[in-house]
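1. could you look at this predicted model? Sequence included:
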Amino acid sequence: MVDVIRLSVFRYDPETGSKPSMQSYEVPFLRPGMKLLDALNYIKWELDGTLTYRRSCAEGVCGSDGLNINGVNGLACITPIAGLKQPVHVRPLPGMHVIRDLVVDMDHFFDQYRQIQPWMKATTPLPEHERLQSPEDRAALDGQYECILCGCCTTACPSWWWNGDRFLGPAALLQANRWIVDSRDEAMGERLDQLEDAFRLYRCHQIMNCMEACPKELNPTAAIDNIKRKILARKS
Ligand code: FES
């Protein structure tokens, strides 16, 4: 069993004027089941308090610690350290503006999420208690609603790297599909109108990096394909 973990971590502090660099650290193997986030916490708390990164829940729920780990996007808090090739290369999510060290600017990502209008739109009067769904209609949301908006999929997508100003990217489009397939939502036509665009939707070329990167094992490629099929179906 390894008793020391070697890490090479991306460092960048715009206030120093220094160029970005990789910094080496050695962290003790703390316990079976140790995750990459445990190693980053050890660095920050015991070795180098200047290391900057985001984290909150440590349970794969909040989506705040999406990182590029040995070249693959994932969540530090659910990535077992024991299975990683050493030194473990830890970098910020690719294709994003780095604010400092492992922290990237998520503003544009969340702006794209807002663009798909992620809330229920219904004009029929609200029933006395709630809008009901059949078990089958509810099951259609499985694999859609679990997205935690960590950005791992979108920042793994070459189409988004090249056209991220106009292509909405896998996470936003998965969320768009989540509302399109919701039987309670009454704005499918409006949603498809908004998405039917050479860049917003059709810059997805089914590269499928998003599917590989998603830590929740969701399939944004299939969701995007469903949106394209819906647009095609209404044409015919
Ligand atoms: Fe919340 Fe990792 S810290 S998802």
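-> Received the coordinates, thanks. All figures in this text were calculated on a predicted structure; none of them were measured in a lab.
2. can you give me the helices for this protein?
-> For the chain, applying DSSP state H gives helices covering 36-42, 107-115, 135-139, 158-163, 169-180, 188-195, 209-213, 220-235.
3. I'd like those helices as a markdown table, with mean pLDDT and distance to the ligand appended.
-> Quick note: C-beta positions are derived from backbone N, CA and C, even for glycine. Shown next, in a markdown table, are those (pLDDT from 0 to 100; distance: least, CB to the nearest ligand atom, whole Å):
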| stretch | mean pLDDT | distance to the ligand |
| --- | --- | --- |
| helix 36-42 | 98 | 6 |
| helix 107-115 | 98 | 15 |
| helix 135-139 | 97 | 25 |
| helix 158-163 | 97 | 21 |
| helix 169-180 | 98 | 14 |
| helix 188-195 | 97 | 28 |
| helix 209-213 | 96 | 14 |
| helix 220-235 | 96 | 18 |
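4. which ones are touching the nearest residue to Asn226 once chain neighbours are set aside?
-> Counting by CB to CB, 6 or more residues apart in numbering, Asn226 lies nearest to Asn177, which is 5.5 Å off, once chain neighbours are set aside. For Asn177, the contacting residues are Gln144, Ala223, Ile224, Asn226, Ile227, by CB atoms under 8 Å, 6 or more residues apart in numbering.
5. residues contacting the residue nearest the centre of the chain?
-> Of all residues in the chain, the one closest to the mean position by CA atoms, centre = their mean is Gly151, 2.3 Å from it. If you count contacts by CB under 8 Å, 6+ apart, Gly151 has them with Gly63, Gly66, Leu93, Met96, Val104, Met106, Phe109, Ala171.
6. quick check, Gln206 in contact with Ala223.
-> No: applying CB atoms under 8 Å, one finds Gln206 not in contact with Ala223, separated by 11.9 Å.
7. more neighbours: the two, which one.
-> Ala223 (24 against 12; other CB atoms under 10 Å).
8. which residue packs closest to that one, ignoring adjacent ones?
-> Ala223 sits nearest to Asn177 (CB to CB, 6+ apart), 3.8 Å away.
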